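Asks: Mind folding the following:
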Amino acid sequence: MLALDLLKPSMRRKFAVLLYPGCIFFEVALAAETLAKSLEPWFLTPDGEDHPSSMGGVIRASGSYDDLSGLDVAAVLIPGGDPGSIIPPGRATAALRAACDRGAVMAGICAGGLVMASAGLLKGVRATHNYTAEFTSAEVVAFIAPHWDGVVHERSDVVVDGRFITAMPWAYAKFAAAVAQSVGLMNEAEAASFVSYHRDGRLGRAASA
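Replies: So this is what the prediction gives:
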């Protein structure tokens, strides 16, 4: 059924969210909600089965990682969490490379950037991540280090280098704005206003209520 669905024409551009066991959906939730106002969301899991999310609910899968190779998507969102179930076997590598080759914006937050790096997408690319001595143990830094080979690390909340976006876990609003801007749904001023609202607006309203 999913294979047939891929052949159906759609007037809306698509974006994909790459889900995996142990991922933290919250980190990409704002970005997904923002993009979904204009683009059609596709939630992809390793085997196409529905995803038991970190928030306790179940996210209905639109397809599997393999389906991503046949989709023309504007962007791929990759949440953080524990990607150990997909990195060692390279489960997402072919799909991510295919989407990248088709020109998609590749966006990973927290460990989502590690998934991108392990797929070889970030060699020679500027990127941020929290797998450093500032945020984790020396053992973890050493264990993960080979995946960052060739990556140009920048200490920043969000780094945009062409079609590649990486972000720290707490920078989900900046991440969402950067993705929306990269796919043409926001201009620079709108992105800045969006971040300001989600950083200050709601807090200000709560305080004055």
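Asks: CA only for contacts and neighbour counts going forward, please
Replies: Fine.
Asks: Within the helices and strands, which one has Ile144?
Replies: Element membership of Ile144, judged by DSSP states H and E, is helix 138-144.
Asks: Mind jotting down where the strands sit in this protein?
Replies: Along the chain, counting by DSSP state E, strands occupy 14-18, 40-45, 51-52, 58-59, 63-64, 73-78, 105-109, 126-127, 152-153, 158-161, 164-167.
Asks: wait, which of the ones you listed is closest to Glu188?
Replies: Comparing the strands of the chain by their distance to Glu188 (C-alpha to C-alpha), the top pick is strand 158-161, with 13.1 Å.
Asks: partner strands of that closest one, parallel or antiparallel?
Replies: Its sheet considered, strand 158-161 pairs with strand 164-167 (antiparallel) by DSSP bridges.
Asks: Let me know the average pLDDT across the strand it pairs with.
Replies: For strand 164-167, the mean per-residue pLDDT is 98.
Asks: Show me how far it is from its chain's centre.
Replies: Offset of strand 164-167 from its chain centre (C-alpha atoms, centre = their mean, to the nearest Å): 8 Å.
Asks: What's the local residue count around Asp101?
Replies: A count of neighbours around Asp101, defined by other C-alpha atoms under 10 Å, yields 10.
Asks: what do you get for Asp161?
Replies: As a burial measure, Asp161 scores 12 neighbours (other C-alpha under 10 Å).
Asks: Check Ala74 too.
Replies: 23.
Asks: Val140 versus that one, what's the distance?
Replies: 33 Å (C-alpha to C-alpha, to the nearest Å).
Asks: Using CSV, lay out the strands of the chain together with distance to Gly84.
Replies: Formatted as CSV, those follow (distance: least, C-alpha to C-alpha, whole Å):
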stretch, distance to Gly84
strand 14-18, 14
strand 40-45, 14
strand 51-52, 16
strand 58-59, 20
strand 63-64, 18
strand 73-78, 14
strand 105-109, 15
strand 126-127, 20
strand 152-153, 22
strand 158-161, 23
strand 164-167, 19
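Asks: Figure out which of those is closest to Glu190.
Replies: Minimum separation from Glu190 across the strands of the chain (C-alpha to C-alpha) falls at strand 158-161, 16.8 Å.
Asks: How about the closest one, which residues are buried there?
Replies: 158-160 (16 or more other C-alpha atoms under 10 Å).
Asks: what's the pLDDT at Gly84?
Replies: 91.
Asks: Also Arg202?
Replies: According to the prediction, Arg202 has pLDDT 51.
Asks: swap in Pro89?
Replies: The predicted local confidence for Pro89 is 88.
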